[in-house]
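Engineer: Sequence isn't available, so here's the structure alone:
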């Protein structure tokens, strides 16, 4: 069955380190999204991509970067991790750009920055 | 800019009782509205959505939501809840103008169903 996976599921790192969170989907979806979930804020959009080589900044993109070299993967990189980036990160994908195309979410990655 | 307000952060309720989770939105343009559910330690799943047409939309597991344009609301209701409905529920809005589907989420409401 097609799916969307995230790895690792849990990560502890230290302030200042570079961290990369992986997101892989097997639906062949064009659109991919990264969100962070924090208590009291719901989900906030970090970056998104509408296809290979396309990336766009979301609401809370400072300190994060993404690259899209193929359809299946959208890794999220924290260039220099900060304690404020401790959060749960969700990746999502959808087939097209219309709202009729449901976003499917991965299981999440819990990141702790010490 | 669009925003979503979920008026209750937590809603405790007894099994088989009715429940309403409130959602209000702010937007200067037409919007599409969504409810997502997140069960413990899982990602989000789409519960139901309003795009156009009938203002009352239903899910397969007994939830319904009504789009009220004059009150800018999209409240979620269920006449009789089960223990398995315990989860966090997120209301979300998307701009209806363009061909993209970025979602703006509310802060979430944690529904706790007690026996």
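Structural biologist: Everything's here; your move. What you see is a predicted model, and the numbers here were worked out from it, not measured in a lab.
Engineer: Show me what from chain A comes close to chain B.
Structural biologist: Residues of chain A lying close to chain B (CB under 8 Å from any CB of the partner chain) are A:31, A:33, A:35, A:40-45, A:48, A:50, A:58, A:90, A:92, A:94, A:97-103, A:105-108. (C-beta placed from N, C-alpha, C; glycine too.)
Engineer: ok, and the closest non-adjacent residue to residue B:45?
Structural biologist: Excluding the flanking residues, the one nearest residue B:45 by CB to CB, 6 or more residues apart in numbering or on different chains is residue B:37, at 5.5 Å.
Engineer: Specify the beta-bridge partners of the residue nearest the centre of chain B.
Structural biologist: Chain B has residue B:35 as the residue nearest its centroid, 3.3 Å off, counting by CA atoms, centre = their mean. Beta-bridge pairing for residue B:35 (DSSP bridges): residue B:48, residue B:91.
Engineer: Return the distance of it relative to residue B:57.
Structural biologist: 9 Å (CB to CB, to the nearest Å).
Engineer: if I look at the two, which residues touch both of them?
Structural biologist: B:48, B:49, B:65 (CB atoms under 8 Å, 6 or more residues apart in numbering or on different chains).
Engineer: What strand or helix carries the last one?
Structural biologist: The secondary structure element spanning residue B:65 is strand B:64-68 (assigned by DSSP states H and E).
Engineer: so how far is the very next helix or strand once past that strand off the chain centroid?
Structural biologist: Going down the chain from strand B:64-68, the next helix or strand is strand B:73-78, by DSSP H and E. Offset of strand B:73-78 from its chain centre (CA atoms, centre = their mean, to the nearest Å): 6 Å.
Engineer: Can you check what angle separates strand B:73-78 from strand B:64-68?
Structural biologist: 160 degrees (axes from the mean of the first three to the mean of the last three CA atoms, to 10 degrees).
Engineer: need the contact list for the residue of chain B most remote from its centre.
Structural biologist: Ranked by distance from the centre of chain B (CA atoms, centre = their mean), the top residue is residue B:115, with 23.3 Å. By CB under 8 Å, 6+ apart, the residues touching residue B:115 are B:14, B:15, B:83.
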